[in-house]
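J.: Starting from these lines, generate the structure:
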Amino acid sequence: MKLNYKSILFFASLATVGLVSCDTEFLDVTPPSEIASEQVWTDGALSEAFVTGIYSGLQQGGFSEQMLASLTDEAVFTHTGRNINTVNEGSLSPSNLGWVDDTYGWSPMYQRIRSTNIAIQNLKTATFTDETLKSRLMGEAYFLRAYYYQQLVRYYGSVPLITKVYDLNEDYAVARNTFEECVSFIVSNADSAAMLLEGKTLVKGRATKEAALALKSRILLYAASDLHDIPTAKAKSSVIAAYAKPEFLGYLSGDRKARWQAAQAAAKAVVDLTASRGYKLNLTAPVSAAEGKLNYISISMGGGSTDKTLDASAGNEIIFGRYFTPSLSEGARQTGLNNGPNGYHNWAGNTPIGLLVDDYEMMDGTPFNWTNPVEKASPYANRDPRFYATVLY
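T.: Okay, here's the model as predicted:
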């Protein structure tokens, strides 16, 4: 087909008319998959979704492919690499920390802390009208900020306490706070969370008053340790004695007894609050080996197993848990895949070593001993029921 220049001009003029007469408003629309940050705090459901996202910093709650057990004499990481050997060989240094899990690593934790700061800052002026939801989300944000700071302090000692939301091109230089200041900050945030979450009804996996008080109990227990009483630690360690800034590691002075009493009182508050829910930890009468095994597995599974022989009420023991929906969550798949037996198409990421297995006592409470001919002949017979609930052999 041939077109003469008049036809070409005609088509061009049509195209020009079409471009001129088009409605250009379609070029200026809000992306349907994105929400402007300022809109989040005008809607309760969007605000809740934002806070829910901060929980992802918990990841699999320690049950990742590499576990802390493989940094100790409990297990061996099955696969090569991942810088776990750097820790096990004692060759780590300030420039090479080896493997650091994202549940306590510097950058991942401060990313989550920034999100909690955003939530706390914006919830104070949020315009949605559900005040109960607003205070609950504020309580959850305070709990998560306390939790993530607690993770940092456990691993690094004291850290900079950041409570504001930084913008671009600000001065980001922040002084490191003392250990005492960090502990006080975590306790204060946990107290705020407990107050705001008082009487709130929550779905499983979200922060509660009990969880906030338990977190307070944990950090006060760590803080009361001799490891963090600098005069005591210096007397026992030349490394601490030579450290230039011991206030980053513990208390330079103060009443050690008072710190232990504070830890005791915080723990008692949790016990008193959760006593009415008690499950297997308040048993007084002995049980059979078979019952003991089922009790232990029931607690380990948190009552969530589909195995009907286990006690579903074991979930009452969980103060704060990380839950997954198998059909919706990659975490649910990974939790089993990471450490399940490779003979069942899993990765067996962390293998318990023989010495850990040997630590499980005999049924009568005596230590297992390879020099005992009967025990050597049948090393996995008549052992503590917790052995059978824990180790695949």
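
J.: In what element of secondary structure is the spatially closest residue to Ala267 that is not a sequence neighbour found?
T.: Among residues not flanking Ala267 along the chain, Ser217 sits closest, at 4.5 Å (C-beta to C-beta, 6 or more residues apart in numbering). Any C-beta I mention is one placed from the backbone N, CA and C, and that applies to glycine too. Element membership for Ser217, per DSSP states H and E: helix 209-224.

J.: Pull the number of nearby residues for the residue nearest to Ala267.
T.: By other C-beta atoms under 10 Å, the residues close to Ser217 number 23.

J.: mind checking which helix or strand Val76 is in?
T.: Assigned by DSSP H and E, Val76 falls within strand 75-77.

J.: As a check, name the ranges of all strands in the stretch 201-350 of the chain.
T.: Taking DSSP state E, counting those that start in this stretch as the test, the strands found in the stretch 201-350 of the chain are 350-352.

J.: Point out where it drops to low pLDDT.
T.: Counting by pLDDT under 70, the ranges of the stretch 201-350 of the chain that qualify are 278-283, 326-332.

J.: now with 50?
T.: Within the stretch 201-350 of the chain, no range satisfies pLDDT under 50.

J.: Low-confidence bits of the stretch 1-150 of the chain, can you list those?
T.: Confidence mapping of the stretch 1-150 of the chain against pLDDT under 50 gives the ranges 1, 3, 5-18.

J.: Helices of that one, residue ranges please.
T.: 5-21, 37-40, 44-54, 84-88, 106-123, 131-156 (DSSP state H, counting those that start in this stretch).

J.: Most tightly packed of the ones you listed?
T.: The highest mean neighbour count among the helices of the stretch 1-150 of the chain, using mean count of other C-beta atoms under 10 Å, belongs to helix 131-156: a mean of 22.

J.: Check which helices and strands that helix is in contact with.
T.: If you count contacts as 3 or more C-beta pairs under 8 Å, 6 or more residues apart in numbering; DSSP states H and E, helix 131-156 packs onto helix 44-54, helix 106-123, helix 179-197, helix 209-224.

J.: could you say what helices and strands the shortest one packs with?
T.: Meaning helix 44-54. Applying 3+ C-beta pairs under 8 Å, 6+ apart, one finds that helix 44-54 contacts helix 37-40, helix 106-123, helix 131-156.

J.: Report the inter-axis angle for the last one versus helix 106-123.
T.: Which is helix 131-156. Comparing the axes of helix 131-156 and helix 106-123 via axes from the mean of the first three to the mean of the last three C-alpha atoms, to 10 degrees yields an angle of 160 degrees.

J.: what's the nearest residue to the residue most central in space within the chain if we skip its chain neighbours?
T.: Centroid-nearest residue in the chain, with C-alpha atoms, centre = their mean: Leu58, separated by 3.2 Å. Take Leu58 and drop its neighbours on the chain: the residue closest to it by C-beta to C-beta, 6+ apart is Arg322, 5.1 Å away.
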